[in-house]
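J.: Output the structure for:
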Amino acid sequence: MTRPGIITRMRSGLKAFKRAYSGFDITGSSGKWPMQSVITAPISQQLAASRLASRKIAWLVENSALVASIVQNSVTAIVGDGPTVRPLHPDPDVNAYLQTAWGEFYSACDIEGRQSLGGLLARVARGFYIDGESFVQLVTDPQTMRLKLRLLTADQVDSSKTVPSLGMTGDQPMIIAGVEYDAVGRVVAYWVFRTPPDAPWASVSPAVRVPAEDVAHTYEPRFAGAPRGISPLIPIAGLAQELDQAHDAAIVKLKTTALVAMILRDLDGSAVAVDTATDPASIALEPGTTIKLPPGMEAQFPPTAEMTAIGEVLKHFARTCCAGAGVPYFMAANDYGEINYSAGKLGLATFQRRVKALQANHIVAQLLDPIWRRFVLLEVLSGRMRAPDFESNPERYGASFLWPSWPPLDELKQAKADTLNVAARLKSRAQIISENGRDVADTDAEIATDPYAAGNLSASAATIASQNEPENENA
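T.: Numbering: from 1, shown residues only. The predicted structure is shown next:
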C-alpha cells in the first residue's frame, strides 16, 4: 500500500478546510447562498428603495386586512388619545400657566385648523409605519405669534436633492436626499417642496431650503449616518402580499368545490344519434331530477382537493407577519380564542416595551421636545409669559410627557400589585399615577375636591391582598 504524496495530502486538507468553513454558508462558497442576498451599501440601497417601498406599503395598508390591522393597532397603541404634559418649572404658577397655554395649543395646533395634537400625532405615527419617517414643520402665525404645525409628506422632502461637498470648498454643506449637513455633520436644513408632489395642481417650483430648527424629523435610522428612514414593515411586505394571494386562491377553491360539475364521456362512440331529451348539451343537474344519459355515455365528477389544513397554513403566515411587525397575532387578527391570561400578558408586555421605546426615542425626543421648546420660546418672546431666567436657566422650562396607560388585563390583580409595591416602598405613588398617564398634582386636586374622598376609603395592603379573585380556568 502506497502512501499519498505531500501534494495530494495538502489538496485534501484544503478541501476539508473549505468544506468545514463553508458549512456556515455565510460567504456563499458552497453555492447555497444566493449571491444577490447581500447588502453591500446599506445607506445607498436604503435611499434607492425607500420611496418605491413606501408606495408598496401604502398599497398594502389600503388593501390587506392584516397589514391595515397591524398599522391601526400600532398607531393606536403609540398615540392613544394623545399625551399630557407636565412642566418642570419649580414655580407652580408658571407651571399652571404653561399647562393652560399648552391646552389651548393642543386643541388648535394644526395650521389647517382641522385636528388637535393627538390627531396630528396619529398621522405622524401612521407615516412612520408607511414611509418610515414623518416631517412636521414648525410655523409661527404672524398675526397671533403662536405656534402652528404643518405635517409634510415624505415625498415633500426632495429625495433627489443630493449635492456632495467633496471637501474642496471648505465649509460647503453636503446635501443627501434633501437633508443638508454642515462640515461637522450636523443637520442644518431640509429641502422641501411647497406642496406635496402628488397633490392636485401641485407646484412645479423647485424645493426651498428650510432650516432644521423649523422641521421635526421623526424616523428610526437603521444604519449609522442614514439621513432618511424606511418603513419597518419592509420585512413582511412580500409575505403579506403572498398571504393575500393565498386567501384569494383559497376563496376561489372554496367556490369551485361548492359547485357540482359533471363530465360526460363517450365510452364506445355509440352516442351519435340522440334526441333532444338526451342531448348532452341540454343535460343539467337540478335538485330532485333524474337524468337519462345517452347510450354509451358515462358520468364522471372531477375530484376536489382537501382543504382541512389550509386554515393552519394561513394562520402560520399571518403569525409570521405579526412577528415581523412586532404586533401580537391575537391583537392584529382579533383572535382571542386560543390564548389565556398568562400568554396574553406575555405578548402584551413585549409589545408595550416596543411602544414605549417608540414613544420615548422618536415621538418625544424627535418631535414633542422640539415642539415644546418652540412653544415656550414664543410664549416668552410674545410677552404672554414673563420669564426673566429663561436664558440663564433654560432647563427649568422643560417638560415631561405622560402617555395614556394600558388597561390592565385584570384590574384586581393590578390594584393588588400597586398597593403592595407602595407598601413595600418598591414604587412611589407618584410613579404609579404617572404610569397611568395622569399628573400627581391633578390627581391630588381632584381628590381634595371630591366629597366622597373626605373619609379614609383606602384599604390596607393586607386587606387588598386577602381579597378573593374570580376563578379563571385558563389563567
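J.: List the buried residues for stretch 373-393?
T.: By neighbour count with 16 or more other C-beta atoms under 10 Å, stretch 373-393 contains the buried residues Arg373, Arg374, Phe375, Val376, Leu377, Leu378, Glu379, Met385, Ala387, Phe390. Bear in mind the C-beta positions are built from the backbone N, C-alpha and C, glycine included.
J.: Pick the one among those residues closest to Tyr336.
T.: Distance to Tyr336 across the buried residues of stretch 373-393 (C-beta to C-beta) is lowest for Phe375, with 41.4 Å.
J.: Would you format the buried residues of stretch 373-393 as JSON lines with secondary structure included?
T.: Shown next, in JSON lines, are those (DSSP: H, G, I helix; E, B strand; the rest coil):
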{"residue": "Arg373", "secondary structure": "helix"}
{"residue": "Arg374", "secondary structure": "helix"}
{"residue": "Phe375", "secondary structure": "helix"}
{"residue": "Val376", "secondary structure": "helix"}
{"residue": "Leu377", "secondary structure": "helix"}
{"residue": "Leu378", "secondary structure": "helix"}
{"residue": "Glu379", "secondary structure": "helix"}
{"residue": "Met385", "secondary structure": "coil"}
{"residue": "Ala387", "secondary structure": "coil"}
{"residue": "Phe390", "secondary structure": "coil"}
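J.: What's the local residue count around Arg186?
T.: 10 (other C-beta atoms under 10 Å).
J.: How about the contacts made by it?
T.: Counting by C-beta atoms under 8 Å, 6 or more residues apart in numbering, Arg186 touches Ala212.
J.: any idea of the pLDDT on it?
T.: In the predicted model, Arg186 carries a pLDDT score of 92.
J.: that older thread, now that we have the buried residues of stretch 373-393, can you turn them into a markdown table and tack on pLDDT and distance to Ile78?
T.: As requested, the buried residues of stretch 373-393 are arranged in a markdown table below (pLDDT from 0 to 100; distance: C-beta to C-beta, whole Å):
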| residue | pLDDT | distance to Ile78 |
| --- | --- | --- |
| Arg373 | 95 | 22 |
| Arg374 | 96 | 22 |
| Phe375 | 96 | 21 |
| Val376 | 96 | 24 |
| Leu377 | 95 | 27 |
| Leu378 | 95 | 27 |
| Glu379 | 94 | 27 |
| Met385 | 92 | 31 |
| Ala387 | 90 | 32 |
| Phe390 | 91 | 32 |
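J.: Need those residues in JSON lines (columns: distance to Ile236).
T.: JSON lines is the format used below for the buried residues of stretch 373-393 (distance: C-beta to C-beta, whole Å):
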{"residue": "Arg373", "distance to Ile236": "36"}
{"residue": "Arg374", "distance to Ile236": "36"}
{"residue": "Phe375", "distance to Ile236": "37"}
{"residue": "Val376", "distance to Ile236": "41"}
{"residue": "Leu377", "distance to Ile236": "42"}
{"residue": "Leu378", "distance to Ile236": "42"}
{"residue": "Glu379", "distance to Ile236": "44"}
{"residue": "Met385", "distance to Ile236": "47"}
{"residue": "Ala387", "distance to Ile236": "48"}
{"residue": "Phe390", "distance to Ile236": "47"}
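J.: Okay, helices next: where are they in the stretch 151-300 of the chain?
T.: According to DSSP state H, counting those that start in this stretch, the stretch 151-300 of the chain carries its helices in the segments 234-258.
J.: from the buried residues of stretch 373-393, which single one is nearest Gly118?
T.: Closest approach to Gly118 among the buried residues of stretch 373-393 (C-beta to C-beta): Phe375, at 15.8 Å.
J.: Hmm, that closest one is touching Lys148, no?
T.: No. Counting by C-beta atoms under 8 Å, Phe375 stays clear of Lys148, with 10.6 Å between them.
J.: Grab the most central residue of the chain for me.
T.: Among the residues of the chain, the smallest C-alpha distance to the mean C-alpha position (C-alpha atoms, centre = their mean) belongs to Tyr129, namely 4.3 Å.
J.: Test my guess that Glu379 contacts Ala101.
T.: Yes. Shown here, Glu379 and Ala101 form a contact pair, counting by C-beta under 8 Å, at 6.1 Å.
J.: which of the residues in stretch 112-130 are buried?
T.: Neighbour-count burial for stretch 112-130, with 16+ other C-beta under 10 Å as criterion, is recorded at 115-118, 120-130.
J.: So which of the residues you listed are in helices?
T.: For these, the ones inside helices are 117-118, 120-130, with DSSP state H as the criterion.
J.: picking up where we left off before, and the gap between the residue lying closest to the residue nearest to the centre of the chain once chain neighbours are set aside and Pro83?
T.: Leaving aside its chain neighbours, Tyr129 sits nearest to Val71 (5.0 Å; criterion: C-beta to C-beta, 6 or more residues apart in numbering). With the distance defined as C-beta to C-beta, to the nearest Å, Val71 ends up 20 Å from Pro83.
J.: where are the low-confidence patches of the protein?
T.: 1-31, 166-171, 260-264, 266, 269-292, 302-306, 437, 452-475 (pLDDT under 70).
J.: hang on, the earlier thing: pretty sure Ile230 is one of the things the residue nearest to the centre of the chain touches, is it not?
T.: No. Taking contacts as C-beta under 8 Å, Tyr129 lies outside contact range of Ile230: 11.0 Å.
J.: picking up where we left off before, just give me the residues shared between the contact sets of Glu379 and Ala101.
T.: Shared contacts of Glu379 and Ala101, defined by C-beta under 8 Å, 6+ apart, comprise Met385.
J.: For this structure, just list every one of the strands.
T.: Listed in chain order, the strands of the chain (DSSP state E) span residues 84-87, 133-140, 147-152, 174-176, 179-181, 187-192, 208-211, 215-219, 263-266, 297-300, 399-402.
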